[in-house]
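Enquirer: Starting from these lines, generate the structure:
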Amino acid sequence: MVDSALTIRDIKVRAVNAPLARPIRTAVGAIPSAPLLLIDVGTDQGIVGRSYIFTYTMATLAPVARLAAEIIPELAGQPIVPVEIQRNFERRFRLLGRQGLLGMLLSGLDMALWDALGRAAGWPVVRLLGGRPLPLPAYDSYGIVDPIADEGAIRQSLERGFRAIKIKIGEGGVEKDVATVAAVRRMIGPDIALMVDYNQSLDPVEAGRRIQRLAEFDLHWVEEPVRADDIHGHARVRAGSPVRIQTGENWWFPRDMANAIAAGASDFAMLDVMKIGGISGWMRAAGQAEAASLPVSSHIFVEASAHLLAVTPTAHWLEHLDSAGAIMAEPIEIKDGRITAKGPGLGMSWDERAVARYAV
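Expert: Model (predicted):
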């Protein structure tokens, strides 16, 4: 049983810059490595809850660590009640707003608190949420690819059982997009789902023009063709698109999702647990998705997302993009293109030697 008196003893954070098995190139910049802030919530019973946040760039890793040092001491001695703690933070920061580094940190804390509860119970978090670990269909997520140089890697993804591949495009003109997508479609054949991601690199008119050219390649979705905060631009693109539109990874907390749904911005919802409000925020967002009949896919954070999609009524695809595998004692396992949540808690333990090696 979970002890209702489980309380926070202390919270420690550590910054690391972890290598990526596949550095990521996008139309708006490259991510050569994974700047991560590791969060360890110590409890009065000796249980440690863990999570991490991904800051995208080294420029924001030290600032979010300093922000954590300002906020987390006040949590010492508080009972571990994630929803209540998030509600208190929302009230405290209402004038400022919770987007950006603050929102990332609050979501990371929420994940670590849920992890602690799961470990105290001896259960995976998915069981605390009323579900059970399920083998979820995953797609293998790539950056901008060279169809010749990356053919071996893509074929290896198929050999591992992945039934869907995502690539990023938009680095050049429309002819380059067409050539890349055509080459990958020939490579993987007609039975594998193919998604493309523009990473917010186009305006609505250009997005519509390019999607028309790409429609012949039977795309599963086109992701973030325009700026993520331009929900009306997304709605315009969606209204004229022969391919379904995907967005959501940059929705901040469930309120952003509600606004996007009201605008008709997407055919799907792609939730990022670090931006949607941690596990507590995801569960509220999942209810919105069910009410709006939006299939939900995850964005990175594969360890936590495997727990959350398993209890999401409209669960769709789990994104396999392993940003933290280099510092995990037990990296995620892929079996026949599927990933299953591990426990107890979120099932994460640090490889302390790797953490020391990549510490910054």
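Enquirer: now the closest residue in space to residue 140 that isn't next to it in sequence: how far from residue 42?
Expert: Among residues not flanking residue 140 along the chain, residue 157 sits closest, at 4.1 Å (Cβ to Cβ, 6 or more residues apart in numbering). For the C-beta atoms, the positions are set from N, CA and C on the backbone; glycine is no exception. Residue 157 is 39 Å from residue 42, where distance means Cβ to Cβ, to the nearest Å.
Enquirer: now residue 210
Expert: The gap separating residue 210 from residue 42 is 50 Å, by Cβ to Cβ.
Enquirer: Report the separation between the residue lying closest to residue 93 once chain neighbours are set aside and residue 13.
Expert: Using Cβ to Cβ, 6+ apart and skipping the chain neighbours, the partner closest in space to residue 93 is residue 102 (6.3 Å). Noted for residue 102: a distance of 14 Å to residue 13, by Cβ to Cβ.
Enquirer: which residues does residue 29 bridge with?
Expert: residue 26 (DSSP bridges).
Enquirer: OK, contacts around residue 267?
Expert: For residue 267, the contact set (Cβ atoms under 8 Å, 6 or more residues apart in numbering) comprises 221, 238, 244-246, 294.
Enquirer: Ok, residue 166 next?
Expert: Residues near residue 166 by Cβ under 8 Å, 6+ apart: 139-142, 194-197, 223, 319.
Enquirer: Next: residue 230.
Expert: Contacts for residue 230 (Cβ under 8 Å, 6+ apart) come out as residue 204.
Enquirer: if I look at it, how far off is residue 170?
Expert: Distance, residue 230 to residue 170, by Cβ to Cβ: 15 Å.
Enquirer: Let me see the ranges of the strands in this protein.
Expert: 8-26, 29-43, 48-54, 136-144, 164-168, 193-197, 221-223, 245-246, 269-271, 296-298, 318-320, 338-339 (DSSP state E).
Enquirer: now these as a markdown table including distance to residue 128 and mean pLDDT?
Expert: As requested, the strands of the chain are arranged in a markdown table below (distance: least, Cβ to Cβ, whole Å; pLDDT from 0 to 100):
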| stretch | distance to residue 128 | mean pLDDT |
| --- | --- | --- |
| strand 8-26 | 18 | 95 |
| strand 29-43 | 16 | 96 |
| strand 48-54 | 12 | 98 |
| strand 136-144 | 18 | 98 |
| strand 164-168 | 29 | 98 |
| strand 193-197 | 31 | 98 |
| strand 221-223 | 31 | 98 |
| strand 245-246 | 29 | 98 |
| strand 269-271 | 18 | 98 |
| strand 296-298 | 18 | 98 |
| strand 318-320 | 19 | 98 |
| strand 338-339 | 19 | 98 |
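Enquirer: Tell me which of the ones you listed sits nearest to residue 253.
Expert: Closest to residue 253 of the strands of the chain is strand 269-271 (Cβ to Cβ; 10.9 Å).
Enquirer: which stretches of this structure have low pLDDT?
Expert: 1-4 (pLDDT under 70).
Enquirer: Show the residue spans covered by the helices in it.
Expert: Here the chain has its helices, by DSSP state H, at 61-71, 82-92, 100-121, 125-128, 151-159, 174-188, 204-214, 231-240, 253-263, 278-291, 302-309, 352-357.
Enquirer: which of those helices sits most buried?
Expert: helix 302-309 (a mean of 28; mean count of other Cβ atoms under 10 Å).
Enquirer: How far away from the center of its chain is it?
Expert: Centroid separation between helix 302-309 and its chain, computed with Cα atoms, centre = their mean, to the nearest Å, is 9 Å.
Enquirer: Mind giving me the packing neighbours of that helix?
Expert: Helices and strands touching helix 302-309, by 3 or more Cβ pairs under 8 Å, 6 or more residues apart in numbering; DSSP states H and E, are helix 125-128, strand 136-144, helix 278-291, strand 296-298, strand 318-320.
Enquirer: what does the first one rub up against?
Expert: Outside of helix 125-128, the residues within contact range by Cβ under 8 Å, 6+ apart are 2, 114-115, 117-118, 121, 132-133, 279, 304, 306-308, 310-311, 341, 343, 345-346.
Enquirer: quick revisit: would you turn the contacts of residue 166 into JSON lines with neighbour count and distance to residue 70?
Expert: What follows is these, written out as JSON lines (neighbours: other Cβ atoms under 10 Å; distance: Cβ to Cβ, whole Å):
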{"residue": "139", "neighbour count": "24", "distance to residue 70": "38"}
{"residue": "140", "neighbour count": "23", "distance to residue 70": "39"}
{"residue": "141", "neighbour count": "24", "distance to residue 70": "34"}
{"residue": "142", "neighbour count": "21", "distance to residue 70": "38"}
{"residue": "194", "neighbour count": "22", "distance to residue 70": "45"}
{"residue": "195", "neighbour count": "23", "distance to residue 70": "39"}
{"residue": "196", "neighbour count": "26", "distance to residue 70": "40"}
{"residue": "197", "neighbour count": "25", "distance to residue 70": "35"}
{"residue": "223", "neighbour count": "26", "distance to residue 70": "35"}
{"residue": "319", "neighbour count": "24", "distance to residue 70": "32"}
